[in-house]
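1. This is the structure alone, sequence omitted:
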């Protein structure tokens, strides 16, 4: 099958350099081969086209400029998506897609954006005001010095600092004018904006917080073919599950099982899957705690990665009193804290996450001088008293709890076996892309460009599978 024509009007490259123009086809071959060899930087690919015999052959000994390579990757998102679909069609023709299970997962990677340049519009307004005030104070000091009989020397450093303050303040004001509103999260909350790449987001990982994108992939279980790939500047994986499932609708059957980890679990997601009759196993946050196979998972955690700047990250405190450490008598409606003090009830029918709870709170006369405040309160210096909550049951017993149904399904022997297959399906794919192919960060800015780069890496993975298990058989 002939791939879609990617030949553009090459006028977009005419302003870059005067070297011979490469058609889009050879450029695509060069980029895909470079990504397969762990070369991500456009400058590194340019160097390889001058020194590596395979790259020289693919480029026709034209040595494309790095700006030509960068412009090609960042400006061809639609054409790259078309090629991804056509390679996927070839994989299907070769019988590499089984449609028995699609495993959905994502990897959060840093991007070409500064983590320190994030904030809300109010933060940027405050910072711009400070810069303007500092520049004004320096200017007034210089004017006062000009009035002196002997004018002191205006050091070059002061002049440079004044220029920098004015320039940064002007950039902030320009950005605020171009973005009149804060970014909104999935629940209506304010999301942090970023001055260098406003489509990226701060994301929490097990190695720290990164400023970047989440590369999401849906992988078929038969030969680990990536059937859908998307990159999003959102740290909330829950909002990405349903769009990924919808994007794979053309390849799925009524029996295709969808699996995903706890990051994609929410009551809204499992309810939507149940209402659409989509077979799925979505883990919840407590799944690994209930599964004895993960009993010793702590000792296998990865070491800190300097790329993610884990330094200064605080560990969770432990050893504080939990609700089970309190003596609660539901019949009498009383509660006694570990220090032997009686707490008073301040709510008997409180609703919390779909459950009815009874709440207790300590008296100031007891909690204030208590010697066990450090073990009882998270912030003993600012919190006056301890509150504790005990659940009594569902708020609406007649309402179907799809999360509970999903827990029973994933805790069953069959569910645990199928979920174990998910690990062997999707994790090796990310290992191949991240470590074998060297994608440890996205090099572009903007959701559209990063999505194209993510699809290119996933395309390389599928082509390798097609070569080794399709035409290679």
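-> Received, thanks. From a predicted model like this one, the values you see are computed outputs, not experimental measurements.

2. Next, residue 343: secondary structure please.
-> Using DSSP: H, G, I helix; E, B strand; the rest coil, the three-state assignment for residue 343 comes out as strand.

3. which one is it nearest to, not counting chain neighbours?
-> Among residues not flanking residue 343 along the chain, residue 360 sits closest, at 3.9 Å (C-beta to C-beta, 6 or more residues apart in numbering). Using the backbone N, CA and C atoms, a C-beta is placed for each residue, glycine as well.

4. Confirm the one you found sits in a helix?
-> No. Checked against three-state DSSP, residue 360 lies outside a helix; its state is strand.

5. Determine the number of other residues adjacent to residue 203.
-> For residue 203, the neighbour count with other C-beta atoms under 10 Å is 22.

6. ok, now which ones touch residue 58?
-> Contact partners of residue 58, counting by C-beta atoms under 8 Å, 6 or more residues apart in numbering, are 26, 29, 30, 33, 49.

7. so the nearest residue to residue 377 once chain neighbours are set aside, which of the three states?
-> Among residues not flanking residue 377 along the chain, residue 383 sits closest, at 4.7 Å (C-beta to C-beta, 6+ apart). Following three-state DSSP, the label given to residue 383 is coil.

8. Give the burial count for residue 383, as a bare number.
-> 13.

9. Let me know the pLDDT of it.
-> Note on residue 383: pLDDT of 90.

10. Phi, psi for it please.
-> phi -90, psi 120 (degrees, to the nearest 10).

11. My guess is it contacts residue 370. True?
-> No. In terms of C-beta atoms under 8 Å, residue 383 does not count as a neighbour of residue 370; the distance is 11.8 Å.

12. returning to that earlier point: out of the contacts of residue 58, flag the one nearest to residue 214.
-> residue 33 (26.5 Å; C-beta to C-beta).

13. correct me, but that closest one touches residue 53?
-> No. Between residue 33 and residue 53 there is no contact under C-beta under 8 Å: 11.9 Å.

14. what's the average pLDDT for the helix or strand containing residue 91?
-> According to DSSP states H and E, residue 91 maps onto helix 77-93. Across helix 77-93, the average pLDDT comes to 91.

15. Downstream of it, the next helix or strand is which one?
-> Helix 77-93 is succeeded, C-terminally, by strand 101-110 (DSSP H and E).

16. what are the pairing partners of that next one, and which direction each?
-> strand 208-220 (antiparallel), strand 257-260 (parallel) (DSSP bridges).

17. And residue 411, what's its pLDDT?
-> At residue 411, the pLDDT recorded in the model is 89.

18. Could you count how many residues lie near it?
-> Other residues near residue 411 number 15, with proximity taken as other C-beta under 10 Å.

19. How about the one 4 residues further on?
-> When neighbours are counted by other C-beta under 10 Å, residue 415 registers 18.

20. Please apply the same query to residue 121.
-> 16.

21. my guess is it contacts residue 193, does it?
-> Yes. Between residue 121 and residue 193 there is a contact under C-beta under 8 Å: 7.0 Å.

22. Grab the longest helix from the chain for me.
-> The longest helix of the chain (DSSP state H) is helix 121-146.

23. Could you pull out the buried residues of the next helix or strand after that one?
-> Next in sequence after helix 121-146, counting helices and strands by DSSP H and E, comes helix 156-178. Burial within helix 156-178, assessed by neighbour count using 16 or more other C-beta atoms under 10 Å, is assigned to 162, 165, 166, 168, 169, 172, 173, 175.

24. Mind listing residues that contact helix 156-178?
-> Contacts for helix 156-178 (C-beta under 8 Å, 6+ apart): 121, 124-125, 127-128, 131-132, 134-135, 138-139, 142, 195.

25. so can I have JSON lines of the residues you listed showing distance to residue 45 and pLDDT?
-> Shown next, in JSON lines, are the contacts of helix 156-178 (distance: C-beta to C-beta, whole Å; pLDDT from 0 to 100):
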{"residue": "121", "distance to residue 45": "38", "pLDDT": "70"}
{"residue": "124", "distance to residue 45": "36", "pLDDT": "67"}
{"residue": "125", "distance to residue 45": "41", "pLDDT": "75"}
{"residue": "127", "distance to residue 45": "37", "pLDDT": "70"}
{"residue": "128", "distance to residue 45": "39", "pLDDT": "70"}
{"residue": "131", "distance to residue 45": "39", "pLDDT": "72"}
{"residue": "132", "distance to residue 45": "43", "pLDDT": "73"}
{"residue": "134", "distance to residue 45": "43", "pLDDT": "75"}
{"residue": "135", "distance to residue 45": "42", "pLDDT": "73"}
{"residue": "138", "distance to residue 45": "45", "pLDDT": "74"}
{"residue": "139", "distance to residue 45": "47", "pLDDT": "73"}
{"residue": "142", "distance to residue 45": "49", "pLDDT": "68"}
{"residue": "195", "distance to residue 45": "28", "pLDDT": "75"}
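
26. circling back to that earlier point, of all the buried residues of helix 156-178, which comes closest to residue 337?
-> Distances from residue 337 to these, taken by C-beta to C-beta, are shortest for residue 172, at 50.4 Å.

27. does residue 202 sit in a helix, a strand or a coil?
-> strand.

28. what is it paired to in the beta sheet?
-> Beta-bridge partners, per DSSP bridges, of residue 202: residue 211.

29. That one against residue 115, yeah?
-> Yes. Using C-beta under 8 Å, residue 202 makes contact with residue 115 at a distance of 6.7 Å.

30. any shared contact partners between the two?
-> 209, 210, 211.

31. Where do the helices of the stretch 201-350 of the chain begin and end?
-> Assigned by DSSP state H, counting those that start in this stretch, the helices in the stretch 201-350 of the chain fall at 238-247, 267-275, 287-290.

32. quick one: average pLDDT of stretch 166-183?
-> pLDDT averaged over stretch 166-183 gives 75.

33. returning to that earlier point: buried subset of the contacts of helix 156-178?
-> The neighbour-count test (16+ other C-beta under 10 Å) marks 121, 124, 127, 128, 131, 132, 135, 138, 195 as buried among the contacts of helix 156-178.

34. about what we covered before: how about the strands paired with strand 101-110, which one is nearest residue 454?
-> strand 208-220 (4.5 Å).

35. center of the chain - which residue?
-> residue 214 (3.6 Å; C-alpha atoms, centre = their mean).
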